[in-house]
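*Asks:* sequence below, structure please.
(4 chains)
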There are 2 protein chains.
Amino acid sequence: MATTCAPVEGDPTLERLATMFAALGETKRLGILAALAPGEQCACDLSGCCDDRQPLASFHLRRLREAGLVEARRDGRWMHYSLDREAVRDLADTLSALADGELRTAAGCC
Amino acid sequence: MATTCAPVEGDPTLERLATMFAALGETKRLGILAALAPGEQCACDLSGCCDDRQPLASFHLRRLREAGLVEARRDGRWMHYSLDREAVRDLADTLSALADGELRTAAGCC
DNA sequence: CAGTTGTATAAACATTTCTTTATATGGAGG
DNA sequence: CCTCCATATAAAGAAATGTTTATACAACTG
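*Replies:* Residues are numbered from 1 along each chain as shown, chains lettered A, B, ... in the order given. Predicted coordinates:
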């Protein structure tokens, strides 16, 4: 109905989307995701994506996990991370829909 | 070949990707994109996405434009913005590929 | 040309995000 | 238990980003 813009702050759909995209918006994290693309990886290996600075990798992995893009599994003292492929696919679909002329938000958009 | 990570800083593909995703990673900008989804809009209307704060909208529009997600067209003293649908589709494809197990970077990834 | 309108830019500030260094936690092995 | 190792968290600093207020610019209007 409305031609342009609705209040957007406080739209939980949009906020979640923004969080996910923000998580993608950083080269080191993209590097991590690329490393996870073929399959699960151990945290220790992923440090390589952050020039072997372990706490830095941990920080970025947490972001990715909090954004829901990545899942963690504990195995003894090792942590294994993997892509949440469904979440990534959802994002892809959202962008597809946007390119096709609609971005569905909680508020029914603009 | 490599199982995990390659140096990622300085990969222009990855950096461009990160810039685009970062541009998507903010609610007001997502609101703008949603408003642009059905078609071209005048800058003055898009201010609504930023609570009618014109310079703020201008700032976010610039980011979107610099990221290559949005195009600008001048018509007299009005500016009209529109989605770069191809860019958005490309991003969607990239995410699709990632979900399917490969993220192609300049370096051939990890 | 002077005034007005739509939009962009600049400067200052506030906030968030990333990075580093140091330390804590939790599990395995002796 | 005590130690070691993989990982997480905390605190402090650095850098980037978003927001405001004020001003500039460019194009139409009289």
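*Asks:* got any ranges where chain A has weak pLDDT?
*Replies:* In the predicted model of chain A, residues A:1-10, A:104-110 satisfy pLDDT under 70.
*Asks:* where along it do the helices fall?
*Replies:* According to DSSP state H, chain A carries its helices in the segments A:12-24, A:27-36, A:43-46, A:54-66, A:85-99.
*Asks:* counting neighbours, what do you get for the closest residue to A:R16 other than its chain neighbours?
*Replies:* Counting by Cβ to Cβ, 6 or more residues apart in numbering or on different chains, A:R16 lies nearest to A:G68, which is 7.9 Å off, once chain neighbours are set aside. Quick note: C-beta positions are derived from backbone N, CA and C, even for glycine. By other Cβ atoms under 10 Å in any protein chain shown, 17 other residues sit near A:G68.
*Asks:* ok, A:G68 touching A:L83?
*Replies:* No - contact criterion Cβ atoms under 8 Å: A:G68 and A:L83 do not qualify, at 10.9 Å.
*Asks:* the residue nearest to A:R16 and B:A92, how far apart?
*Replies:* 18 Å (Cβ to Cβ, to the nearest Å).
*Asks:* count the neighbours of the closest residue to A:T94 other than its chain neighbours for me.
*Replies:* Nearest non-adjacent residue to A:T94, counting by Cβ to Cβ, 6+ apart: A:L17, 6.7 Å away. For A:L17, the tally of surrounding residues (other Cβ under 10 Å) stands at 22.
*Asks:* give the contact list for A:L17.
*Replies:* By Cβ atoms under 8 Å, 6 or more residues apart in numbering or on different chains, the residues touching A:L17 are A:L91, A:T94, B:L24, B:L30.
*Asks:* wait, what's in contact with whatever residue of chain A ends up closest to DNA strand D?
*Replies:* Here chain A gets closest to DNA strand D at one residue, A:C44, 2.7 Å apart by Cβ to the nearest atom of the strand. Contact analysis of A:C44 by Cβ under 8 Å, 6+ apart lists A:Q54, A:W78.
*Asks:* if we go to 10 Å?
*Replies:* Each residue near A:C44 by Cβ atoms under 10 Å, 6 or more residues apart in numbering or on different chains is listed here: A:D52, A:Q54, A:A57, A:W78, A:M79, B:T4.
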